[in-house]
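Asks: sequence first, predicted model second:
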Amino acid sequence: MEKQSELSKAKQIDNNERGQWSSKIGFLMASIGSSVGLGNIWGFPYKMGANGGFAFLIIYLALLVFVGFAALLGEFTLGRMTGEGIIGTYRTLNKKFTFVGWFGVISAFLVISFYCVLGGFVLRYAVGFLMEIFSAGSGFGGLGSGEFFGSFIVNGFSSAFYFFIFLGLTSVIVMGGVKGGLEKFTTFAMPTLSIIMIIVIIKSLTLEGAIEGVKFMFEPNWQAFSEIGFVKILKTAAGQMFFSLSLGMGIMVIYGSYLSKQEDIQKSSIVIGVADTIFAVLAGLMIMPAVGAFMAQGVEGITYGAGPGLLFITMHQVFSVGMGGFMGNLFGFMFYMLVFFAAITSSISVLEVCIAFFVDKRLKEGKSSQRIKITAIVCIVIFILGLPVTLDGLGSGTAGGAAIDIPAVMFGMSEVRVAFDCWLDFYDMISEGLLMPLGTMLMCLFIGWIIGTKAIVKELEETPKVKIISYRFWEICFKYIAPVIVFIVFLGQIDDFFGLGIF
């Protein structure tokens with residue numbers, strides 16, 4: 001009876017000032033928008049490039065089937081069940097698991113603090129190519145791709161300025177609430193993003209030698225598992241999936257909490273997972289054929305495995321040198337505007353996690369949400385957290401040393417010392433590397449063994465005319481497959497983090 005009362009109270013809050021999606025398409029656009037961000041447009045291609053191409057893709061698709069779909073289903077359902085954010089959800093269902101909700105919120109704060117810095121980088125490149133269209137040399141000062149990027153990231157003021165602009169745009173959208181902010185913006189942004197993406201793909205595929213990039217993506221390359229290492233590819237693909245699908249941060253729990261009982265969560269989870277993967281593959285088709293084409297033409301400084309520099313050095317090289325002239329600047333502007341739209345549709349969802357806890361707390365106390373004030377205060381905290389990322393120049397500003405050097409004594413391991421080249425790597429390892437997979441694993445165990453999969457079925461089937469399909473598959477995923485796979489990934493991250501040599 002007490003649990004029923006808590007659930008009823010949560011739902012009552014949802015029906016008052018908290019907000020709710022006004023349409024199914026709005027929910028889908030917002031959820032897909034959250035998934036389709038820098039993780040797809042930037043992370044997927046460069047991680048694929050550095051991890052064997054096709055081998056990475058196969059592992060990613062397997063993880064999507066056995067972990068991704070189940071995790072999406074679980075997070076959406078838990079959110080709608082309670083009508084609260086991730087902390088409130090676990091506190092309502094089982095207070096002992098409240099800490100799992102905090103994992104998500106901490107991850108969200110760390111992720112958005114570096115995500116908006118990178119979003120600012122993207123905005124700078126879009127502005128740069130736009131300026132180049134009207135006046136050659138005005139956008140990038142006549143510098144080469146690597147030279148400009150190197151000078152930009154060590155310019156702390158410029159980096160912080162664009163970080164501030166991107167974070168400010170994100171906060172304005174979130175201040176509008178669920179219908180007037182998140183839903184309204186993503187319903188416009190996602191179709192726009194799709195159109196620009198198709199245009200850039202067509203251009204990329206028609207470049208001379210583009211077929212080499214297509215082969216890299218889709219031609220079987222099983223040797224990569226032995227050359228790179230199966231576990232390395234597995235954990236890289238898993239980290240990409242968590243980040244791309246917005247798992248483990250509580251985003252989908254919150255988005256689920258804004259759902260009405262009319263929404264078929266089971267179908268939506270599959271649609272969102274598939275759509276996110278399609279966008280990721282399309283992002284690969286934008287970038288890899290262009291990289292393959294200019295590699296075949298002998299353009300220097302361009303490789304599939306360019307790593308994080310793929311977006312800001314390699315692709316800049318593709319447009320400014322590979323294409324060149326007006327067309328190169330035009331497609332460069334279109335490409336970086338596309339990435340900007342993708343980035344901001346994700347950043348608004350991460351910011352929503354950060355403010356939802358405080359909004360829900362006020363509503364439970366019978367007060368007004370004060371969403372605008374809370375968003376402003378939270379953004380100040382995020383800006384402070386992100387400043388170290390802007391000032392260390394992604395490791396360039398550390399004079400060759402580590403930006404963060406963690407003494408082993410903190411962890412009780414005398415032979416281990418953990419060092420990071422930059423604050424972005426440190427934030428990324430704590431969030432994407434540790435807390436997000438750990439939170440996803442515990443969520444699956446929570447559903448499979450604590451509240452039971454029948455509770456999920458009951459919530460799903462409250463939607464009229466909806467019956468759970470493949471129940472045994474979902475149950476096995478929640479109880480066994482997903483937790484085991486994510487635990488292996490988690491061990492792989494710990495191994496990298498401490499250099500223990502487990503794998």
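Replies: Nice, thanks for sending it over.

Asks: where do the strands sit along the chain?
Replies: In the chain, strands defined by DSSP state E lie at 404-406, 418-420, listed in chain order.

Asks: kindly provide the whole-number mean pLDDT of the last one.
Replies: Right, strand 418-420. Average pLDDT, strand 418-420: 61.

Asks: repeat that for the first one.
Replies: Per-region confidence: strand 404-406 scores 60 on mean pLDDT.

Asks: for stretch 136-147, same thing?
Replies: Here stretch 136-147 scores 90 as its mean pLDDT.

Asks: repeat for stretch 169-189
Replies: Averaged over stretch 169-189, pLDDT sits at 83.

Asks: show me which positions of it end up buried.
Replies: Buried residues in stretch 169-189, counted by 16 or more other C-beta atoms under 10 Å: 169-171, 173-178, 181-187, 189. Where you see a C-beta, it was placed from the backbone N, CA and C, and this is true even at glycine.

Asks: stretch 253-267 too?
Replies: If you call a residue buried by 16+ other C-beta under 10 Å, then stretch 253-267 has these buried ones: 253-259, 263-266.

Asks: residues contacting residue 211?
Replies: Applying C-beta atoms under 8 Å, 6 or more residues apart in numbering to residue 211 gives the contacts 289, 292.

Asks: 7 Å instead, please
Replies: Under the criterion of C-beta atoms under 7 Å, 6 or more residues apart in numbering, residue 211 has no neighbours.

Asks: same thing with the one 3 residues further on?
Replies: With contact set as C-beta under 7 Å, 6+ apart, residue 214 has these partners: residue 289.

Asks: quick check: it vs residue 288, distance?
Replies: 7 Å (C-beta to C-beta, to the nearest Å).

Asks: what's the spacing between the closest residue to residue 169 other than its chain neighbours and residue 428?
Replies: Sequence neighbours aside, residue 344 is the residue nearest to residue 169 in space, at 6.3 Å (criterion: C-beta to C-beta, 6 or more residues apart in numbering). Applying C-beta to C-beta, the value for residue 344 to residue 428 is 19 Å.

Asks: ok, these two, which is more surrounded?
Replies: Each of residue 344 and residue 428 has its neighbours counted (other C-beta atoms under 10 Å); residue 344 has more, 24 against 19.

Asks: so that one makes contact with residue 170?
Replies: Yes. Under the criterion of C-beta atoms under 7 Å, residue 344 makes contact with residue 170 at 6.1 Å.

Asks: between the two ends of stretch 75-92, how far is it?
Replies: 14 Å (C-alpha to C-alpha, to the nearest Å).

Asks: got the contact list for residue 163?
Replies: Contacts for residue 163 (C-beta under 7 Å, 6+ apart) come out as 116-117, 120, 386, 390.

Asks: redo those as JSON lines? Include distance to residue 131 and pLDDT.
Replies: Shown next, in JSON lines, are the contacts of residue 163 (distance: C-beta to C-beta, whole Å; pLDDT from 0 to 100):
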{"residue": "116", "distance to residue 131": "22", "pLDDT": "96"}
{"residue": "117", "distance to residue 131": "21", "pLDDT": "95"}
{"residue": "120", "distance to residue 131": "16", "pLDDT": "96"}
{"residue": "386", "distance to residue 131": "25", "pLDDT": "96"}
{"residue": "390", "distance to residue 131": "22", "pLDDT": "93"}
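
Asks: adding neighbour count and distance to residue 142, write these out as a markdown table.
Replies: Formatted as a markdown table, the entries for the contacts of residue 163 read as follows, by neighbours: other C-beta atoms under 10 Å; distance: C-beta to C-beta, whole Å:
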| residue | neighbour count | distance to residue 142 |
| --- | --- | --- |
| 116 | 33 | 29 |
| 117 | 28 | 25 |
| 120 | 26 | 22 |
| 386 | 28 | 30 |
| 390 | 29 | 24 |
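
Asks: from those residues, which is closest to residue 47?
Replies: Looking at the contacts of residue 163 and their distance to residue 47, the nearest is residue 117, at 19.3 Å (C-beta to C-beta).

Asks: circling back: which one of the buried residues of stretch 253-267 sits closest to residue 223?
Replies: Sorting these by how near they are to residue 223, with C-beta to C-beta, puts residue 266 at the top with 38.5 Å.

Asks: do I have it right that that closest one meets residue 72?
Replies: No. Contact criterion C-beta under 7 Å: residue 266 and residue 72 do not qualify, at 9.9 Å.

Asks: mind listing the shared neighbours of those two?
Replies: Taking C-beta under 7 Å, 6+ apart as the criterion, residue 266 and residue 72 do not both touch any residue.

Asks: what about the buried residues of stretch 253-267, which are in helices?
Replies: Counted as lying in helices by DSSP state H, out of the buried residues of stretch 253-267, are 253-257, 265-266.

Asks: and the furthest pair within the residues you listed?
Replies: Of all pairs drawn from those, the widest gap by C-beta to C-beta lies between 254 and 266 and measures 18.9 Å.

Asks: how about residues contacting stretch 449-459?
Replies: Counting contacts by C-beta under 7 Å, 6+ apart, the residues touching stretch 449-459 from outside are 74, 77, 80-81, 93-94, 447, 468, 471, 474-475, 478-479.

Asks: now do the buried residues in it.
Replies: Here stretch 449-459 shows 451, 453, 456-457, 459 as buried, counting by 16+ other C-beta under 10 Å.

Asks: identify, from the ones in helices among the buried residues of stretch 253-267, the entry nearest to residue 376.
Replies: For those, with residue 376 as the reference and C-beta to C-beta as the criterion, the closest is residue 254, at 19.2 Å.
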